[in-house]
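model the following, please.
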Amino acid sequence: MSVDKKKSAEREIDLKRLCERWPSEIIAREQIGNFSGGAMSPRYVANLDSVGEGPPRFMVGRKVCYFTKDLVDWMQKRVSMPKRNNYVFLNRGKGSVKP
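Down below sits the predicted model:
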């Protein structure tokens with residue numbers, strides 16, 4: 001395997017493990033924070049739902065729910081890995097330059 005392909009493979013994130021660890025095939029919207037380890041908030045998903053950009057959903061009574069597989073597939077499409085050389089570190093102490 002070439003060095004570039006190896007680095008690319010190391011950088012990929014597989015969210016499928018979230019489904020394996022969740023005790024149910026469905027998840028209520030208010031549990032998305034727990035499901036994602038805090039990476040995504042229920043309010044953020046609700047906002048995306050309101051403009052038609054959220055994952056497929058259904059209602060159980062008054063609760064908005066998602067199938068875990070659909071939610072993970074949707075999250076996987078939104079994952080991006082920043083490149084290390086894109087980070088900019090600024091010294092915010094005395095004499096620092098403000099962006």
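
quick one: mean pLDDT for the longest strand anywhere in the chain?
Longest strand in the chain, counting residues (DSSP state E): strand 63-67. Confidence for strand 63-67, expressed as mean pLDDT, is 96.

what lines up beside that strand in the sheet?
Sheet pairing of strand 63-67 (DSSP bridges) gives strand 26-28 (antiparallel), strand 58-60 (antiparallel).

list the buried ones in that strand?
Under the neighbour-count criterion of 16 or more other Cβ atoms under 10 Å, strand 63-67 has 64, 65, 66, 67 buried. Quick note: C-beta positions are derived from backbone N, CA and C, even for glycine.

cool, stretch 43-56 as well?
45, 49, 54, 55.

got a list of contacts for the longest strand of the chain?
By Cβ atoms under 8 Å, 6 or more residues apart in numbering, the surrounding residues in contact with strand 63-67 are 25-30, 32, 46, 49, 55-59.

which pair of those spans the longest distance?
Of all pairs drawn from the contacts of strand 63-67, the widest gap by Cβ to Cβ lies between 25 and 46 and measures 21.0 Å.

report the contact partners of the residue nearest to residue 24 when sequence neighbours are not counted.
Among residues not flanking residue 24 along the chain, residue 68 sits closest, at 7.2 Å (Cβ to Cβ, 6 or more residues apart in numbering). Each residue near residue 68 by Cβ under 8 Å, 6+ apart is listed here: 18, 19, 22, 24, 25, 26, 27, 35.

neighbour count, distance to residue 41 and pLDDT added to those residues, as TSV?
Converted to TSV, the contacts of residue 68 look like this (neighbours: other Cβ atoms under 10 Å; distance: Cβ to Cβ, whole Å; pLDDT from 0 to 100):
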residue	neighbour count	distance to residue 41	pLDDT
18	19	15	85
19	16	19	85
22	16	17	88
24	10	20	92
25	9	22	94
26	16	19	95
27	23	14	95
35	21	11	93
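
quick one: those residues as TSV, columns for secondary structure and distance to residue 74 too.
Below are these laid out as TSV (DSSP: H, G, I helix; E, B strand; the rest coil; distance: Cβ to Cβ, whole Å):
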residue	secondary structure	distance to residue 74
18	helix	12
19	helix	12
22	coil	15
24	coil	17
25	coil	15
26	strand	14
27	strand	12
35	helix	12
